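Visitor: Structure of the sequence below:
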Amino acid sequence: MNRILTIAPHFPPPSASRDGQANYLTAAVPALAKLGECEVTVLALQFGDQPATEAGDGWTVHRVAPPRPMASVFDLYLPPNFRPALDALAAFVERRAASIDAATPVWAHGYETGAIVEALTRSGRRVVAVPHYLVGVETIHDLALGDDSIRRASFNSPFATALGRLTPPSMRPMGVRWASRIGGVARHGVWPDSIKTQFEKLDLERRMVANASAIVAVGPSFEDEMNALYPCTVGRSQSVVGGGPDHLPNPVWPWRRRAGSFRIAMVGRPTGQKGWDYAAEALSALTPEEQSRVELALIGGLGSGNGPYSDYSQRVARQFAELNLERFQNLGVLTHEATLAHLGGADLLVFPSVFEPLGLVLIEAMRAGCCILASNAAGPSDVVKRPWGRVVDFNDPHQRAQRLTEALQSFLHTDMSVLAEWSRAARTAGASYRWRDCAAAHLAALRAGPPKHAE
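Guide: Predicted coordinates for the structure are as follows:
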């Protein structure tokens, strides 16, 4: 095997990578090329001023311009852009694949490649799909928007709230499976655009998980989540955890260290998945003395952007601003390098995701020596360990904010000398996650035998 064909909705220049899936790809692709001693050809969409062709050590990326120019990958998920852009990518892949040996394995990243996975697998190619995120799991949580007052206020989505209340929690996974089966037809129904797009995403996800020759989930608990939601993946799936950065920049923090201060960072795209509404509520419940010690830096663009979650983002940004913390900065979207530097300057990463396949930032925080407070979503459950980490139970929506507050208070009242010991332990734990090991698991899946299909 001297070549691997890689399909992804987004493969930015490595220096411009800012989101988890892109960070995963820009680290894993060179590691795979080096380990496999092969050339990795990447086909992706073009965003902003990205060059049409770009090359690195062992890899080349070819980008196709979507019908409607998009400034960033997040614009892809706006309903008018979604289908036309992915159709353009599918046509681009079809043309390119025709000139590549049929024995070349395909490495497809993200549910967005579902139609491409189906077409290439049916043409006889071995296609290894890598789901970085499950639309089905997202939909289950969307149906839970009305389950507690914090979510209802943050989303203000009467349609989703009403639909969720009509669907008992025990029936939601089955409802999602059926929605994925009828998604190709239902996306043409008389629904709000957001609902049509969700059916479309579920249809793409079903086509990916049902047709891939093999599936590599980005974490063991995420694989279990996928197997439970989509039983057709059992027997064709495996899991692997990503790696951490080889080199870290010098630590950076917006303020000079002061006696008794406690530095908290939050990193992530400003979407409902990340649970920042619960973090704002938890911080508001701290005592005035506890709040006076907190230095809070938000990274990821909370309160800005024009994507599907922009209303949520703006509401939650206002919640944080109303905390009246003496030292608070919403730093917006930073480069990956700058984000790593701020993790090195923080005492604690707060990561309250309602659902999370992995969360590469967790491993990056560990490598930087940062303690972690996270939810018990799939990714954090796999990598966050005591004593430097706390995973709080998010199973009951009504208890999420309170449990975050209690865990925050535990960290706030821990002696700084103990925190320093925990920081060293976190750094040691983070060093055990290597991109070489991650690439080896993907390489084994790509080099496996003939394609297998779901029954």
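Visitor: Per-residue pLDDT of the residue lying farthest from the centre of the chain, please?
Guide: What lies farthest from the middle of the chain is residue 259; by Cα atoms, centre = their mean that is 35.5 Å. Looking at residue 259, its pLDDT reads 91.
Visitor: what do you get for residue 184?
Guide: Residue 184 is assigned a pLDDT of 89 by the prediction.
Visitor: Equivalent analysis for the one 4 residues further on, please.
Guide: We note a pLDDT of 88 for residue 188 in this prediction.
Visitor: and if you look at residue 191?
Guide: 82.
Visitor: contacting residues for the nearest residue to it once chain neighbours are set aside?
Guide: With Cβ to Cβ, 6 or more residues apart in numbering as the criterion, residue 191 has its nearest non-adjacent residue at 7.6 Å, and that residue is residue 199. Bear in mind the C-beta positions are built from the backbone N, C-alpha and C, glycine included. Shown in contact with residue 199 (Cβ atoms under 8 Å, 6 or more residues apart in numbering): 179, 182-183, 186-187, 189, 191.
Visitor: List the buried residues for the helix or strand residue 441 falls within?
Guide: Residue 441 belongs to helix 435-446 when assigned by DSSP states H and E. If you call a residue buried by 16 or more other Cβ atoms under 10 Å, then helix 435-446 has these buried ones: 435, 438-440, 442-443, 445-446.
Visitor: same question, stretch 53-63
Guide: Here stretch 53-63 shows 54, 58-59, 61-63 as buried, counting by 16+ other Cβ under 10 Å.
Visitor: Let me know the average pLDDT across that stretch.
Guide: Stretch 53-63 comes out at a mean pLDDT of 96.
Visitor: One more: stretch 356-364?
Guide: Here stretch 356-364 scores 97 as its mean pLDDT.
Visitor: For the residue nearest to residue 113 when sequence neighbours are not counted, list each beta-bridge partner.
Guide: Once flanking residues are discounted, residue 113 sits nearest to residue 7: 5.0 Å by Cβ to Cβ, 6+ apart. Under DSSP bridges, the beta-bridge partners of residue 7 are residue 43, residue 108.
Visitor: Quick one: residues in contact with the helix holding residue 441.
Guide: For helix 435-446, contacts defined as Cβ under 8 Å, 6+ apart pick out 1, 4, 27-28, 31-32, 34-36, 105, 107, 126, 128, 130, 214, 216, 238, 240-243.
Visitor: Next step: those restricted to helices.
Guide: Residues of the contacts of helix 435-446 located in helices (DSSP state H): 27-28, 31-32, 34-36.
Visitor: Out of those, who's the most crowded?
Guide: residue 32 (25 neighbours; other Cβ atoms under 10 Å).
Visitor: quick one: pLDDT of it?
Guide: 97.
Visitor: got it, and residue 449?
Guide: The model reports residue 449 with a pLDDT of 59.
Visitor: Over to residue 179?
Guide: The model's pLDDT for residue 179 equals 91.
Visitor: which SSE is the residue nearest to it when sequence neighbours are not counted in?
Guide: Closest residue to residue 179 apart from its sequence neighbours, by Cβ to Cβ, 6+ apart: residue 202 at 5.3 Å. According to DSSP H and E, residue 202 maps onto helix 193-211.
Visitor: if we can go back for a sec, next, format the ones in helices among the contacts of helix 435-446 as JSON lines and append distance to residue 68.
Guide: Output for the ones in helices among the contacts of helix 435-446, formatted as JSON lines (distance: Cβ to Cβ, whole Å):
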{"residue": "27", "distance to residue 68": "30"}
{"residue": "28", "distance to residue 68": "29"}
{"residue": "31", "distance to residue 68": "34"}
{"residue": "32", "distance to residue 68": "32"}
{"residue": "34", "distance to residue 68": "36"}
{"residue": "35", "distance to residue 68": "38"}
{"residue": "36", "distance to residue 68": "36"}
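Visitor: Let me know the closest of those residues to residue 121.
Guide: Ranked by distance to residue 121 (Cβ to Cβ), the ones in helices among the contacts of helix 435-446 are led by residue 32 at 20.2 Å.
Visitor: Identify the residues contacting that closest one.
Guide: Residues near residue 32 by Cβ under 8 Å, 6+ apart: 4, 38, 40, 107, 439, 442-443.
Visitor: cutoff 7 Å now
Guide: Shown in contact with residue 32 (Cβ atoms under 7 Å, 6 or more residues apart in numbering): 4, 40, 439, 442-443.
Visitor: from these, which is closest to residue 67?
Guide: Nearest to residue 67 among the contacts of residue 32: residue 40, at 26.9 Å, using Cβ to Cβ.
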